[in-house]
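[1] My questions concern the predicted model and sequence given below.
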Amino acid sequence: MSLLIRDVELDGRITQIYIEENRIAEIGKRREADVVIEGKGKIALPGLVNLHTHSPMVLLRGFGDDLVLQQWLETKIWPQEAKLKPEDIYWGAKLACLEMVKSGTTTFLDMYFHMDQVARAVKEMGLRAFLAEGVIDLGIPSRAEEQFKAAEEATRKIEAMRSSRITPVLGPHAIYTVSEASLLRFREMADKKGYRIHAHLSETKREVDDCVAQHGMRPATYLDKIGFLAKDVIVAHGCWLDPAEIEILARTGTKVAHCPTSNMKIATGQAMPYAAMKEAGVVMGLGTDGAASNNNLDLFEAMKFATLLQKFSHRDPTVLPAAEAFQLATLGGANALGIDVGLIQPERLADLILVDPRRPELTPRHDDVSNWVYSAHGNAVDTVVCDGQVVMKGRRVKGEAEILEKAAQIARELVTRE
Ligand SMILES: [Zn+2]
């Protein structure tokens, strides 16, 4: 199949983007194509990459805000999650995909449970996703066995759906929920089968303090010492990394997803040390985290919050300028995942969005990148192409009304379910 995006603005000039199958084949020449999209008046940007989320948590959006992390988890989130059925996860993921499409995200890295249901949703919604079945063993060997069994089962099912858009990932939740033996088992599985690993790291001060008390060293140092860190590992947060840990991440090639909105909402107390990490050459991307701690999946908003949080915490308005924030949400995430999205160039995967600049908050156009980062919301996105397929056109997505209705009904029913 071929697709032509006609007369669209790309990097300041009007051009033609020609896509063959799932890759950008040519830019500049107007060619015959099976499908033609009128790009007049629109601007083409790379599809955004959400490097850390828990997509089905949209079902718990707005259910228990403004609480301390532990209280929030113990009284609100975990009791609800314990009741979730596979079908709930499926509809939650459908809603999350819908929200991501409508705000310009084409790729996401996800961790939750029943992830084969998320794969089903992703397959239908046309997005590109890296899916990690989360494992939490709490240091209990029998629980570890159960969890690995469930994870292997889910991974096998996702593997059966594997495509250019769907990739299974391993998901040890964090050092404070997963034993050393299990972490090493994940390392071995990744080495043997070539899976990426996704985990949380250094989110709160408590995690650091507990790790120092238990292992005599900080979280990243501990993970390095046991041989866990490598270039196939993508960790979320990294708020409390110290200079030695930053060096470790740079040396091992470990990637980091910055999640500014969630960090501020949960009040982790310290921002990811972006400037030092950039200086050290750590590969970074941008994540929203789950909708229960955000509360949306809008990466346009995340770009703005990332730059504001970094400026504020460094007490320096020159830190994380707009162009770098935009890069975090595009090429940064692409590089972290090792896929060739994030730029609109021939031979790259055809993941791109068309933005309509004729909006009050995007006028005037002194600096488009400034507008995307500081002024735009996801609703400026008009059209989304992922893997060479049109998944949204004129802000319309197939099945939207049913997804909204069904997900709302499930979420309502979930919180009253015994
Ligand atoms: Zn998370």
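    Nice, I can see it.

[2] doesn't Val122 make contact with Ile166?
    Yes - using Cβ atoms under 8 Å, Ile166 is in contact with Val122, at 5.9 Å. (C-beta placed from N, C-alpha, C; glycine too.)

[3] what residues are shared contacts of those two?
    128-129, 131 (Cβ atoms under 8 Å, 6 or more residues apart in numbering).

[4] With distance to Pro141, neighbour count and pLDDT added, can I get these in TSV?
    Formatted as TSV, these follow (distance: Cβ to Cβ, whole Å; neighbours: other Cβ atoms under 10 Å; pLDDT from 0 to 100):
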residue	distance to Pro141	neighbour count	pLDDT
Arg128	36	24	98
Ala129	31	29	98
Leu131	26	28	98
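
[5] Next step: these restricted to strands.
    Filtering the shared contacts of Ile166 and Val122 for membership in strands, criterion DSSP state E, returns 128-129, 131.

[6] For the stretch 151-300 of the chain, just list every one of the helices.
    Ranges of helices within the stretch 151-300 of the chain are 180-193, 205-215, 219-225, 243-252, 260-266, 274-280, 299-314, based on DSSP state H, counting those that start in this stretch.

[7] any chance of those in CSV, plus distance to Val36 and mean neighbour count?
    Below are the helices of the stretch 151-300 of the chain laid out as CSV (distance: least, Cβ to Cβ, whole Å; neighbours: other Cβ atoms under 10 Å):
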stretch, distance to Val36, mean neighbour count
helix 180-193, 41, 16
helix 205-215, 52, 15
helix 219-225, 50, 22
helix 243-252, 45, 18
helix 260-266, 37, 23
helix 274-280, 41, 17
helix 299-314, 27, 22
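
[8] So for Glu146, which of those helices sits nearest?
    helix 180-193 (11.5 Å; Cβ to Cβ).

[9] returning to what we had before: just the ones in strands among the shared contacts of Ile166 and Val122 now: which is nearest Arg6?
    Arg128 (24.1 Å).

[10] Could you measure from the closest one over to Thr53?
    As judged by Cβ to Cβ, to the nearest Å, Arg128 and Thr53 stand 13 Å apart.

[11] shared neighbours, those two?
    Common neighbours of Arg128 and Thr53, using Cβ under 8 Å, 6+ apart, are Phe108.

[12] ok, for Asn335, nearest residue in space, not its chain neighbours?
    Counting by Cβ to Cβ, 6 or more residues apart in numbering, Val283 is the residue found nearest to Asn335 once chain neighbours are left out, at 5.3 Å.

[13] How about Lys29?
    Nearest residue to Lys29, sequence neighbours excluded (Cβ to Cβ, 6+ apart): Gln16, at 6.1 Å.

[14] Also Thr252?
    Nearest to Thr252 is Leu229, by Cβ to Cβ, 6+ apart, at 4.0 Å.

[15] Tell me how many other residues surround the one you found.
    Using other Cβ atoms under 10 Å, Leu229 has 25 neighbouring residues.

[16] cool, Leu404 as well?
    13.

[17] How about Met1?
    Count around Met1 with other Cβ under 10 Å applied: 11.

[18] hang on, isn't it packed against Ala25?
    No - if you go by Cβ under 8 Å, Met1 and Ala25 don't touch, sitting 11.5 Å apart.

[19] about what we covered before: nearest to Gln214 among the shared contacts of Ile166 and Val122?
    Among the shared contacts of Ile166 and Val122, Leu131 lies closest to Gln214 (Cβ to Cβ), at 30.3 Å.
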